[in-house]
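A.B. asks: quick one: sequence plus predicted model below, questions after.
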Amino acid sequence: MKKFTFLFSIIILGLATMAQTPQSINYQAVARTVDGDPIINQAVSVKISILAQSASGDVVYSEAHSATTNSMGLFSLEIGNPGEVLFGVFENIPWGDADYFIKLELDENGGFNFVHMGTSQLLSVPYALWSENTANPEDADADPANELQTISKVDQTVTLSNGGGSFTDDVDDADANPANELQTLTQNGNDVTLSDSGGTITVADNDNQPANELQQLTKAGSTVTLSQGGGSFTDEVDDADNSPANEFNTSLTLDGTTLKVTDAGSTLNADLSSLVDDADADPANELQMLTQDGNNVALSEGGGTITVADDDSDPINELQTVAKQDYEVTLSQGGGTFLTGLISYTQAEIDAFTPYNGLTVHNSTTNCINYYYLNNWFEACGTCTPMPSQATAGDDQAFLDNTITATLEANTPEQGEGLWAVATGTG
């Protein structure tokens with residue numbers, strides 16, 4: 001990094017004898033290294049900017065110069081007479097309207113990689129450029145108010161106070177339409193026209209070449225350049241193999257305390273052991289076991305023990321049973337009771353049921369109504385005897401001499417006669 005010591009030599013020549021103030025400022029500076037040694041006999045590029053209001057204010061004018069330092073590191077140039085104007089018009093700077101500052105930027109290699117070297121305020125000397133705009137520097141009455149004027153209008157007469165004169169406003173707006181006085185601005189090539197006889201002006205392009213205002217961005221090696229004096233910079237990204245694809249990572253794995261990052265070209269290993277604080281390097285002793293001894297539940301590796309309380313120490317009385325009696329379902333150990341709307345019977349229970357008196361059914365065989373009364377079935381159109389009992393005589397017996405008898409028991413019909421029939425055997 002170089003530094004510069006500035007020697008400002010701002011010279012305005014011939015003010016007394018010349019009719020016009022010179023539109024330039026002589027400028028000199030000495031370039032020195034950080035050790036204070038002058039940069040001698042070397043071509044440099046210099047960028048000068050004029051800033052308004054402050055050292056960080058808006059740029060009203062900027063220009064670029066090519067200069068060569070002498071044997072003492074001194075270089076000279078004229079501000080306003082540049083090698084290349086970058087912005088603004090030097091002659092149009094309103095020197096009397098604000099404070100102005102000179103900003104210096106320099107490329108010690110003669111290119112466009114400018115480095116800001118300092119900003120200094122312009123003091124009284126350059127403001128001689130403003131003297132030619134001062135027509136009447138003296139005010140004999142020292143009254144700051146009587147230079148002020150007001151403008152007024154009565155009917156069609158417009159008057160400027162303090163002897164400023166008057167004129168007649170001859171604008172005749174016969175149709176009282178405020179819209180038809182509006183004008184539009186159009187462009188045709190380099191011609192710009194204002195409607196309603198507003199006139200036409202030509203916007204000059206000195207070389208008549210619309211393309212040379214366009215800039216191109218190019219790269220040669222590691223240098224990136226913007227054409228038309230846009231400058232250049234060095235791309236410091238170093239990609240030795242010029243392959244844009246082999247920077248892509250294809251996998252990321254952890255092997256113990258080694259992190260492996262793999263791309264198309266190679267694998268990068270990163271040792272993460274310093275981030276792991278495990279004094280014994282045993283991956284197993286971090287595992288813990290849960291055990292129970294009676295009411296005590298313990299977690300290994302110092303995880304602690306808790307006691308699960310059981311007030312009566314009886315492991316059985318937590319068990320419950322469910323029972324059903326007819327329509328009532330009960331859960332033991334105070335679990336409660338509820339009624340169910342469903343009940344089921346075994347076939348034996350169904351067969352043992354006795355019909356209740358007054359039960360009536362339809363006999364599809366006789367097409368009569370049967371009803372049950374006093375342990376017998378009766379038909380509305382007759383009497384239905386109950387089915388006879390089946391009697392057994394035991395083992396088969398032989399009646400040869402009429403000396404052996406067998407007694408058979410059966411129900412006695414309430415109505416009608418009972419008849420025997422041999423179901424099995426002979427007789």
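C.D. replies: Sure, I can see it.
A.B. asks: would you map the helices across this protein?
C.D. replies: Using DSSP state H, the helices of the chain run over residues 347-352.
A.B. asks: what about the closest residue to residue 318 other than its chain neighbours, how many residues nearby?
C.D. replies: The shortest distance from residue 318 to any non-neighbouring residue, by CB to CB, 6 or more residues apart in numbering, is to residue 333 (7.7 Å). (Each C-beta comes from the backbone N, C-alpha and C, glycine too.) Close neighbours of residue 333, defined as other CB atoms under 10 Å, add up to 10.
A.B. asks: quick one: residue 333 and residue 319, what's the gap?
C.D. replies: From residue 333 over to residue 319 the distance is 8 Å, taken as CB to CB, to the nearest Å.
A.B. asks: again with residue 218
C.D. replies: Residue 218 is 90 Å from residue 319, by CB to CB.
A.B. asks: how about residue 192?
C.D. replies: Taken as CB to CB, the span from residue 192 to residue 319 is 104 Å.
A.B. asks: the two: who's more crowded?
C.D. replies: Legend: neighbour count by other CB under 10 Å for residue 192 and residue 319, higher for residue 192 (14 against 9).
A.B. asks: ok, and the closest non-adjacent residue to that one?
C.D. replies: Closest residue to residue 192 in three dimensions, ignoring its sequence neighbours and counting by CB to CB, 6+ apart: residue 201, at 5.4 Å.
A.B. asks: and residue 193, what pLDDT?
C.D. replies: If you check residue 193, the pLDDT there is 91.
A.B. asks: okay, now it: neighbour count?
C.D. replies: Residue 193 sits with 14 neighbouring residues when counted by other CB under 10 Å.
A.B. asks: need the contact list for residue 119.
C.D. replies: Each residue near residue 119 by CB atoms under 8 Å, 6 or more residues apart in numbering is listed here: 51, 55, 101-104.
A.B. asks: so in terms of bridging, what pairs with it?
C.D. replies: Here residue 119 shows beta-bridge partners residue 103, assigned using DSSP bridges.
A.B. asks: just to revisit the earlier point, the residue nearest to residue 318 and residue 316 touch, don't they?
C.D. replies: No. Using CB atoms under 8 Å, residue 333 makes no contact with residue 316, being 10.3 Å away.
A.B. asks: quick check: phi and psi on the residue nearest to residue 318?
C.D. replies: Per-residue torsions, residue 333: phi 60, psi 40 (degrees, to the nearest 10).
A.B. asks: ok, it - contacts?
C.D. replies: By CB under 8 Å, 6+ apart, residue 333 lies in contact with 317-320.
A.B. asks: pick out the lowest-pLDDT one from the residues you listed.
C.D. replies: Ranked by pLDDT, the contacts of residue 333 bottom out at residue 317, which has 70.
A.B. asks: residue 161: neighbour count?
C.D. replies: By other CB under 10 Å, 12 other residues sit near residue 161.
A.B. asks: same question for residue 27.
C.D. replies: Using other CB under 10 Å, residue 27 is surrounded by 23 other residues.
A.B. asks: what pLDDT does it get?
C.D. replies: Looking at residue 27, its pLDDT reads 87.
A.B. asks: I'd say it and residue 48 touch.
C.D. replies: Yes. Contact criterion CB under 8 Å: residue 27 and residue 48 qualify, at 7.2 Å.
A.B. asks: and residue 289, what is it in contact with?
C.D. replies: Applying CB under 8 Å, 6+ apart, the residues near residue 289 are 299-300.
A.B. asks: rewinding a little: identify the contacts common to residue 27 and residue 48.
C.D. replies: Residues touching both residue 27 and residue 48 (CB under 8 Å, 6+ apart): 77, 79, 102.
A.B. asks: the last one contacts residue 117, correct?
C.D. replies: No. Assessed by CB under 8 Å, residue 102 is found out of contact with residue 117, at 11.0 Å.
A.B. asks: residue 67 and residue 38, how far apart?
C.D. replies: Going from residue 67 to residue 38 by CB to CB gives 14 Å.
A.B. asks: do the same with residue 195
C.D. replies: Here residue 195 is placed at a distance of 63 Å from residue 38 (CB to CB).
A.B. asks: which one's more surrounded, those two?
C.D. replies: Set residue 195 next to residue 38 and count neighbours by other CB under 10 Å: residue 38 wins out with 17 against 11.
A.B. asks: and the more buried one, what's its pLDDT?
C.D. replies: pLDDT, residue 38: 85.
A.B. asks: nearest spatial neighbour of it, skipping sequence neighbours?
C.D. replies: Closest to residue 38 by CB to CB, 6+ apart is residue 73, at 2.7 Å.
A.B. asks: repeat for residue 84
C.D. replies: Using CB to CB, 6+ apart, the closest residue to residue 84 is residue 64 (4.5 Å).
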